[in-house]
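what follows is a predicted protein model with its sequence.
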Amino acid sequence: MPSIFKQVLKMTEEQEQPQRLLFLFAQSETRKSKKSPKHQTGQITPLMCVDKLPEELSDFDALSKEADSVSKDWDFVFIAGLSGSEGKAPSTDDAESYLNKMTNDVANGQDLSRYVILDRQEQPIEMAAI
């Protein structure tokens, strides 16, 4: 079975319009939950954002290495897609307001269900606002 990241890339190919992928790398400060060792609470702090065309990406390791070249402090990456129109992918300028929205959503504890969230090991993460 392909990795989740490869599945995301494949899904972009299946869309009617060309896509641009949005990435927000974030750092976590976690505390162990008293209720369950599987659940943790804490705060997520946005660190950096980037947008890429799917064809600019090969795999999760390459994306991780690129992110690490800027900052190694990230724990999670939030991923969203932005659809183009009339057969053209959105530009980096088009992506800017959506990256700002992602940053605000994460910083303010908004609904994160619209994002694919992966940890450094490319494992899916489920987050809930408290």
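Good, I have the coordinates. The structure displayed is predicted, hence computed values, not measured ones.

helices along this protein, start to end?
Using DSSP state H, the helices of the chain run over 4-13, 60-70, 92-107.

what comes up buried for the shortest one?
In terms of neighbour count (16 or more other Cβ atoms under 10 Å), helix 4-13 has its buried residues at 4-5, 8-9, 12. No exception for glycine: its C-beta is placed from N, CA and C like everyone else's.

likewise the second one?
Buried residues in helix 60-70, counting neighbours by 16+ other Cβ under 10 Å, are found at 60, 63-64, 67.

any idea of the mean pLDDT in it?
For helix 60-70, mean pLDDT is 97.

what separates it from the chain centre, distance-wise?
13 Å (Cα atoms, centre = their mean, to the nearest Å).

and the contacts of it?
By Cβ atoms under 8 Å, 6 or more residues apart in numbering, the residues outside helix 60-70 that reach it are 3, 5, 23, 25, 48, 50, 52, 57, 74, 77, 118, 120, 122.

next step: these restricted to strands.
Of the contacts of helix 60-70, the ones assigned to strands by DSSP state E are 23, 25, 48, 50, 52, 77, 118.

for those residues, which entry has the maximal number of neighbours?
V77 (25 neighbours; other Cβ atoms under 10 Å).
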